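1. got a sequence here, can you model it:
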Amino acid sequence: MRKMMIGLALLALCGCKAATPANDADPALWVLKDDDTTIYLFGTVHLLKPGLRWFDDGVKKAFDASDELVLELVMPPEAEMQALVTELGMSTSGPSLPEQLGPAEAAKFRAVLPELGIAPEALDRAEPWLAATLLSAAPLRRLGYDEKDGAEAVLTAAAQKAGKKLVGLETAREQLGYFDRLPFDAQRALLVDTLADLPKAGETIDAMVALWGKGDADGLARLMNEDLARAPELADALLAQRNKKWADWLKARMDAPGSVFVAVGAGHLAGNGAVQAELAKRGVKVERVKY
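-> Down below sits the predicted model:
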């Protein structure tokens, strides 16, 4: 399940050492078009180290040719986002998070926080999904990965500089709500698996970004899907239902003229239930862009 968190949440596929020589990456890019509409589909990574060259060649050409940028989420102001996280991810009553875990899991939870630079009681009132999200991101940031170097940040800055229209497929409340609505057992399992896999975070990220950088969507799908059968509720909430919704949006957007660059987490564009597969079910042809 940690592979899903890395690929789907706000924490995604990061790293650059294992990518390609000279830190050059050529991620996969797709296109759907008719006589007056062109939509590019690009799979993003949300955290990256600086120095990985991906915003060039075919990706940059497609971006430059587009009139608007569509992301999963256009980030709200920091204060607004923090208020939402507190509202949806923190509890003011009931047992603390460690008290909701088994003794061994609670001990591991307590022990790992100072190792990641987090105060021992900082997450006592957090819901399990929020704790899992924060713990997944913490080791990556300590290794040098950062949102400011991630694909969304780079694309957003380029769009703002070029005066392109910026659109979000979801709001911050909607995106956090996918986690918040998960049953407690699913949230707890996510946190337990995250704790177990923290020592392998760097290795997992390197493997994912290597596949992303080579444009190997099928390989990325295989790696991410290894644990999907163990987390059907999480897979349905974070992948399947959103992919269907986005496919509906894309099909409807084809009715309006223009050129659009759509960038969503790379996990949504890989595997049997990917956005491309959902579009095919709706009679929309999607082609891989060769560059």
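2. could you pull out the strands for the stretch 1-150 of the chain?
-> 29-33, 37-44, 68-73 (DSSP state E, counting those that start in this stretch).
3. list the buried residues for the shortest one?
-> Meaning strand 29-33. By neighbour count with 16 or more other CB atoms under 10 Å, strand 29-33 contains the buried residues 29-32. Where you see a C-beta, it was placed from the backbone N, CA and C, and this is true even at glycine.
4. out of the strands of the stretch 1-150 of the chain, nearest to His268?
-> With CB to CB as the measure, strand 37-44 is the member of the strands of the stretch 1-150 of the chain nearest His268 (7.0 Å).
5. who are the packing partners of the closest one?
-> With contacts defined as 3 or more CB pairs under 8 Å, 6 or more residues apart in numbering; DSSP states H and E, strand 37-44 has these neighbours: strand 29-33, helix 57-64, helix 151-162, helix 241-253, strand 258-265.
6. can you put these in a markdown table and add distance to His46 and mean pLDDT?
-> Formatted as a markdown table, these follow (distance: least, CB to CB, whole Å; pLDDT from 0 to 100):
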| stretch | distance to His46 | mean pLDDT |
| --- | --- | --- |
| strand 29-33 | 18 | 97 |
| helix 57-64 | 16 | 97 |
| helix 151-162 | 6 | 96 |
| helix 241-253 | 15 | 97 |
| strand 258-265 | 7 | 97 |
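7. most tightly packed of those?
-> strand 258-265 (a mean of 22; mean count of other CB atoms under 10 Å).
8. C-terminal to that one, what's the next element?
-> helix 275-281 (DSSP states H and E).
9. tell me what that next one is packed against?
-> Using 3+ CB pairs under 8 Å, 6+ apart, helix 275-281 sits against helix 241-253.
10. from the chain's centroid, how far away is the helix it packs on?
-> 17 Å (CA atoms, centre = their mean, to the nearest Å).
11. now the strand or helix carrying Ala210, how far from the centre of its chain.
-> Take DSSP H and E as the rule and Ala210 turns out to sit in helix 201-213. Computed by CA atoms, centre = their mean, the chain-centroid distance of helix 201-213 equals 14 Å.
12. and stretch 202-219, by the same measure?
-> Worked out by CA atoms, centre = their mean, stretch 202-219 lies 14 Å from the chain centre.
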